[in-house]
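> When you get a sec, could you give me coordinates for this:
(2 chains)
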Amino acid sequence: NFMLTQPHSVSESPGKTVTISCTRSSGSIASNFVQWYQQRPGSSPTTVIYEDNQRPSGVPDRFSGSIDSSSNSASLTISGLKTEDEADYYCHSYDSSNQVFGGGTKLTVL
Amino acid sequence: EVQLLESGGGLVQPGGSLRLSCAASGFIFSSYGMNWVRQAPGKGLEWVSVITASGGTTYYADSVKGRFTVSRDNSKNTLYLQMNSLRAEDTALYYCAKGLRNSLAVPDYWGQGTLVTVSS
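Below you'll find the predicted structure:
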């Protein structure tokens, strides 16, 4: 089984841009789609990115996803940060029989 | 509108059993794979199990394999998780999550969760 490693926390000011990384321990990051979920305190997770870089309807285009095969990692970038973006963010991927979440990154917008 | 309503959580002693249910509405339930994902208090998300749209194929996390069984009743639009031989480390909020599509059952929409507490 593989693991997905995320930074424990990141912080940035309103209006700025932040990038959260997610590194896959084994197997190619490009082999299986990566998803990103946002979880605000006391709420259920919601999808902000699916299939590496696709945004569900209703998710602002300030959110974008990408993968980098050279570092075997995925990234979630949030531009024009708003205080409402403060939340935990989880990356997710899978293989033939297993699904894996990253440990989560706490985003603080201060 | 997709709605997922979990139920069946509660307090159970170590070694005990519990059956969770997830009532689905707002989409064609029989066309989507479904997941169970859990979150221990103050911790991150942990995938538990997935079942294909037909119910013919299931997969489990190593931490629950042999103890948990996922099933579904497409006539009732309901997903189940039978949990046996429960341990303290199974204490968590259990979410059901709709798959993105039949061929890719990664979580898409999530319910509000039902809390399972394993303690004597």
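
> who in chain A is up against chain B?
Chain A has residues A:1, A:33, A:35, A:37, A:39, A:44-47, A:50-51, A:88, A:90, A:92, A:94, A:97-104 near chain B, with proximity defined as C-beta under 8 Å from any C-beta of the partner chain. Quick note: C-beta positions are derived from backbone N, CA and C, even for glycine.

> Repeat the analysis, applying 7 Å as the threshold.
Within chain A, the residues that sit near chain B (C-beta under 7 Å from any C-beta of the partner chain) are A:33, A:35, A:44-45, A:47, A:50, A:90, A:92, A:94, A:97-101, A:103-104.

> Show me which helix or strand of chain B is least confident by mean pLDDT.
Lowest on mean pLDDT, DSSP states H and E among the helices and strands of chain B sits strand B:104-110, with a mean of 93.

> name the helices or strands packed onto that strand?
Contacts defined by 3 or more C-beta pairs under 7 Å, 6 or more residues apart in numbering or on different chains; DSSP states H and E place strand B:104-110 against strand B:34-39, strand B:92-101.

> ok, back up a step: now for the residues of chain A next to chain B, which pair is the farthest apart?
Spatial extent of those (C-beta to C-beta) is set by the pair A:Ser44 and A:Ser97 at 25.3 Å.

> between the two, which one's more packed in?
When A:Ser44 and A:Ser97 are compared for neighbours, A:Ser44 comes out ahead with 18 against 11, by other C-beta atoms under 10 Å in any protein chain shown.

> Helix or strand: which one has the more buried one?
Take DSSP states H and E as the rule and A:Ser44 turns out to sit in neither a helix nor a strand.

> thought it was touching B:Thr114?
No: judged on C-beta atoms under 7 Å, A:Ser44 makes no contact with B:Thr114 at a distance of 11.5 Å.

> Please name the nearest non-neighbouring residue to B:Val70.
B:Ser49 (4.3 Å; C-beta to C-beta, 6 or more residues apart in numbering or on different chains).

> Can I get the host helix or strand of the one you found in PDB, CA atoms only?
According to DSSP H and E, B:Ser49 maps onto strand B:45-51. Provided in PDB are the C-alpha atoms of strand B:45-51 (Å, rounded to 0.1, in the frame of the first residue of the first chain):
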ATOM      1  CA  LEU B  45      -9.900  10.800   7.200                       C
ATOM      2  CA  GLU B  46      -9.500   7.000   6.800                       C
ATOM      3  CA  TRP B  47     -11.000   5.100   4.000                       C
ATOM      4  CA  VAL B  48     -12.800   2.000   5.300                       C
ATOM      5  CA  SER B  49     -14.600   0.200   2.400                       C
ATOM      6  CA  VAL B  50     -16.100   0.500  -1.100                       C
ATOM      7  CA  ILE B  51     -18.800  -1.400  -2.900                       C
END
